[in-house]
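Engineer: This is the structure alone, sequence omitted:
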């Protein structure tokens, strides 16, 4: 049978997990909607529950937040345990920053700070591994806002590495992906982060706010293109036989 070059759109929504009342899915949400996905936004930190199955969803994206995957809050433990749902059902999962760290914790890996206390807050280089290079073209510089990284869980594949935090992107199985950096920020979101997160610019290794904004002019085009391609990898179209 031949396959149509036009994909059959999935009419199920993508589950979006956010961690603050004011948070939005940003550019990732815009890109998913441009692909004709609806968004089912939930905030477990505010007491909202996640579905017991993803059979009614096209997949899930868990975003970042100021908390740690090592925190003892009930919602943090709840989300980490809930990741068993997409893993068991082999459904598309994308974890961004905290969402990637939660995936690592679920898989038995460790989340920790740098041994010299360094952070990645601003624009930093990454390098794809051979496995990552085979999947997609990677940007040279990406945007970070974190004080913790993670090791490589058993069975996971490293897709990109960094100088300060080694594991920058990973894949587990067919459909679970985690990235340490942020490709979802719109210009408005970055301005908000620079204002509200200015107190973090004094941390070791962090860049000042002007470097965040100047770096966006230089590097965001490649990061935006990568984010679009990454969403196609995670929520790849299902072709129909004709």
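Structural biologist: Right, received. Where do you want to start? Note that the coordinates shown come from a computational prediction; the quantities given were computed from them, not determined experimentally. Residues are numbered from 1 along each chain as shown.

Engineer: Report the contact partners of the spatially most central residue of the chain.
Structural biologist: A centroid search over the chain (Cα atoms, centre = their mean) returns residue 96, at 1.7 Å, as the residue closest to the centre. Residue 96 makes contacts with 28, 61-64, 178-179, 182-184, as judged by Cβ atoms under 8 Å, 6 or more residues apart in numbering. (Each C-beta comes from the backbone N, C-alpha and C, glycine too.)

Engineer: and it, how far is that from residue 157?
Structural biologist: Between residue 96 and residue 157 the computed distance is 18 Å (Cβ to Cβ, to the nearest Å).

Engineer: what comes up buried for stretch 75-92?
Structural biologist: 75-76, 79-80, 82-83, 85-87, 91-92 (16 or more other Cβ atoms under 10 Å).

Engineer: Please read the previous query as pertaining to stretch 192-201.
Structural biologist: Of the residues in stretch 192-201, 193-194, 201 count as buried by neighbour count, 16+ other Cβ under 10 Å.

Engineer: will you turn those into a markdown table that also has distance to residue 112, secondary structure and pLDDT?
Structural biologist: Shown next, in a markdown table, are the buried residues of stretch 192-201 (distance: Cβ to Cβ, whole Å; DSSP: H, G, I helix; E, B strand; the rest coil; pLDDT from 0 to 100):
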| residue | distance to residue 112 | secondary structure | pLDDT |
| --- | --- | --- | --- |
| 193 | 23 | helix | 95 |
| 194 | 26 | helix | 96 |
| 201 | 22 | helix | 96 |
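
Engineer: Just after the strand of greatest length in the chain, pick out the following helix or strand.
Structural biologist: Ranked by residue count, the top strand of the chain under DSSP state E comes out as strand 120-128. Beyond strand 120-128 in the direction of the C-terminus, DSSP states H and E gives the next helix or strand as helix 130-133.

Engineer: which helices and strands sit right next to the next helix or strand after that following helix?
Structural biologist: Once the chain leaves helix 130-133, the next helix or strand it forms, by DSSP H and E, is strand 141-146. Judged by 3 or more Cβ pairs under 8 Å, 6 or more residues apart in numbering; DSSP states H and E, strand 141-146 is in contact with strand 120-128, helix 209-234.

Engineer: And strand 141-146, how far out from the chain middle?
Structural biologist: 11 Å (Cα atoms, centre = their mean, to the nearest Å).

Engineer: Now do that strand: everything it contacts.
Structural biologist: Here strand 141-146 makes contact (Cβ under 8 Å, 6+ apart) with 64, 97, 119-126, 165, 168, 180-183, 185, 190, 193, 197, 200, 212, 215-216, 218-220, 222-223.

Engineer: May I see the buried residues of stretch 75-92 organised as CSV, with secondary structure, distance to residue 43 and pLDDT added?
Structural biologist: As requested, the buried residues of stretch 75-92 are exported to CSV (DSSP: H, G, I helix; E, B strand; the rest coil; distance: Cβ to Cβ, whole Å; pLDDT from 0 to 100):
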residue, secondary structure, distance to residue 43, pLDDT
75, helix, 9, 97
76, helix, 13, 98
79, helix, 11, 98
80, helix, 16, 98
82, helix, 13, 98
83, coil, 16, 98
85, helix, 17, 98
86, helix, 18, 98
87, helix, 22, 98
91, coil, 20, 96
92, coil, 20, 97
